[in-house]
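[1] I need the structure of the sequence given here:
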Amino acid sequence: MTELLKVPFFVKGELVETMEVEHRSRDTGSGFITPRLELDALVWPRTAPPPAADVSTAEIIDLLVETGRAMDLDRNVHMRKARDHSVAVNTLGRRVTENQLRAQGHFLQREFLEFLVEQQLGAQALDGWKLVPGVGGAVSLVRAFPSRIVNILAGNGAGGAPHVARAALTKGVNLMKMASSNPFTLTAILQTMAEVAPGHPTVRSFSAVYWRGGDEAVERFIFQPQFFEKIVAWGGEAAIRHVTRYLGPGLELIALDPKQSCSFIGREAFADEATLRVVAGLAATDVNVSHQGACLSSRFQFIEASEEEADHYCELLLQELGRDRFMGNGIGPAPLPDLAEQVNSLRPLEPLFRVWGEADGGGLVIRSDEPVDFYPDRKTVNVVPVRNLADAVRFTNIATQTAGIYPDGRKAELRDALAASGVQRVVPLGLAMGGPSTPHDGMYQMHRMVKWVVDEGRPPEGVVNGPYPDMQVREQA
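    Modelled structure (predicted):
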């Protein structure tokens, strides 16, 4: 009998390893065992500010940078264990898992962290109260005060460092719910941080545990405004719906809900065969991101081309999918049986549809006149020829996250229409994998993770009621 993998919890800076409860991975069905949840231990009392509330941003950045250095996969036993165990509970495969884990330290580099703070918050507001001159001479103080947050993490990758960075920099207390398909990485990162700075207030601000999503006995207790005021939820529709049942006054949802992405390829790609192959390579890069499990992975590609030209492009795209440097050998997880069946059902329907590739993880490309009515996943991409890229904007909506565009110069003609349709991000083709420092899903996430508190100053002498000229009431002589 195979021994169950052990998943420790990390509670307020301390590792918990008393294994008692068995669970199953959503992706593979593999079993793992965790400690029993002690719900009272997962909340921080409101009788005192969060532990890191008055720690300087500079000190937190120093801690994160040292943690990133210590996460080197070749030296860090916790990260290596996360790699070895993760392959049993998700479908990423060892090579993808290892590459994602090696990339985690990049999210904890000083230049990136400083840019993250400046872009999303402004450094001054994080460290104490910021003086804000008002209208009419009034002066107030504003502070980005730390919040109490439940973070529900998605399970479509082996990462975790960006979540830790955002949570640490906003200085709140964070209860992080790990996914059944990735219950190892986050604990490995937090263990490393605890070894870098034992007992540090930022370390004591984190808890990372697992429970089955939708477990009412847990969530009815956790999702209460006296304990937490914000929920940051990443993941699929089911995860978001579980959370919305508990929302009410005092409990805010920051939803990073399911998205899909696409590519817009102009006629310029057909300048010559070499250019077309380069473009196919860029497009394949955006398909292959995280084995196409991420929201920013391109699933639909709209190309200014005739049917014959589009078919040739599809041939090249399939070849480039097989050169996936991130996968290592170009083979990812095979499509799920339902998806494979839907794709295969299109093969006899030429010329209305045409299919390249096999359902073996090496890539599938479907050409159709309009987007297919099923969800292309796991290295499956739908190519749709159009007369003009502007005609394809109608196929985007509020669930479209990223649009990659070729050539770069055509972004300006499309971005306003795409934004109006609901698209949140426009990038050059091949650069779908960006950093979490600019807006994500139409918001500055860290700006919403804090609570903006104002200490309003007294109006200038003689102004009794407000700083606005048309509302001033002056004292009688």
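
[2] low pLDDT regions in the stretch 51-200 of the chain?
    Scanning the stretch 51-200 of the chain for pLDDT under 70 picks out 123-124, 156.

[3] my guess is Arg378 is in a strand, correct?
    No - read with DSSP: H, G, I helix; E, B strand; the rest coil, Arg378 is coil and lies in no strand.

[4] spatially, what comes nearest to it if we skip its sequence neighbours?
    In space, and not counting its chain neighbours, Arg378 is closest to Pro335: 4.8 Å by CB to CB, 6 or more residues apart in numbering. All C-beta atoms are positioned from the backbone trio N, CA, C, and that covers glycine.

[5] which SS state does the one you found fall under?
    Going by three-state DSSP: Pro335 is coil.

[6] quick check: it touching Gly362?
    No - contact between Pro335 and Gly362 fails when scored by CB atoms under 8 Å: they sit 10.5 Å apart.

[7] shared neighbours of those two, anything?
    Contact criterion CB atoms under 8 Å, 6 or more residues apart in numbering; residues shared by Pro335 and Gly362: Lys379.

[8] which one's more surrounded, those two?
    Using other CB atoms under 10 Å, the more surrounded residue of Pro335 and Gly362 is Pro335, with 23 against 18.

[9] per-residue pLDDT, that one?
    Looking at Pro335, its pLDDT reads 73.

[10] the domain parsing of this structure - what is it?
    5-257+443-453, 260-428 (automatic domain parsing).

[11] next, the distance between the ends of the first one.
    By that I understand domain 5-257+443-453. 44 Å (CA to CA, to the nearest Å).

[12] then stretch 248-258?
    Using CA to CA, the end-to-end distance of stretch 248-258 comes out at 22 Å.

[13] and what of stretch 385-402?
    Start-to-end, stretch 385-402 (CA to CA) is 19 Å.

[14] chain center to that stretch: distance?
    From the chain centre to the centre of stretch 385-402 is a distance of 23 Å (CA atoms, centre = their mean, to the nearest Å).

[15] mind listing what's buried along it?
    385-386, 389, 392-393, 396, 400-402 (16 or more other CB atoms under 10 Å).

[16] would JSON lines of these with pLDDT be doable?
    Below are the buried residues of stretch 385-402 laid out as JSON lines (pLDDT from 0 to 100):
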{"residue": "Pro385", "pLDDT": "98"}
{"residue": "Val386", "pLDDT": "97"}
{"residue": "Leu389", "pLDDT": "97"}
{"residue": "Ala392", "pLDDT": "97"}
{"residue": "Val393", "pLDDT": "97"}
{"residue": "Thr396", "pLDDT": "96"}
{"residue": "Thr400", "pLDDT": "92"}
{"residue": "Gln401", "pLDDT": "91"}
{"residue": "Thr402", "pLDDT": "93"}
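
[17] just the ones in helices from these, please.
    389, 392 (DSSP state H).

[18] show me how far the one helix or strand Ile33 maps to is from its chain's centre.
    Using DSSP states H and E, Ile33 falls within strand 31-35. Centre-to-centre, strand 31-35 and its host chain are 25 Å apart (CA atoms, centre = their mean).
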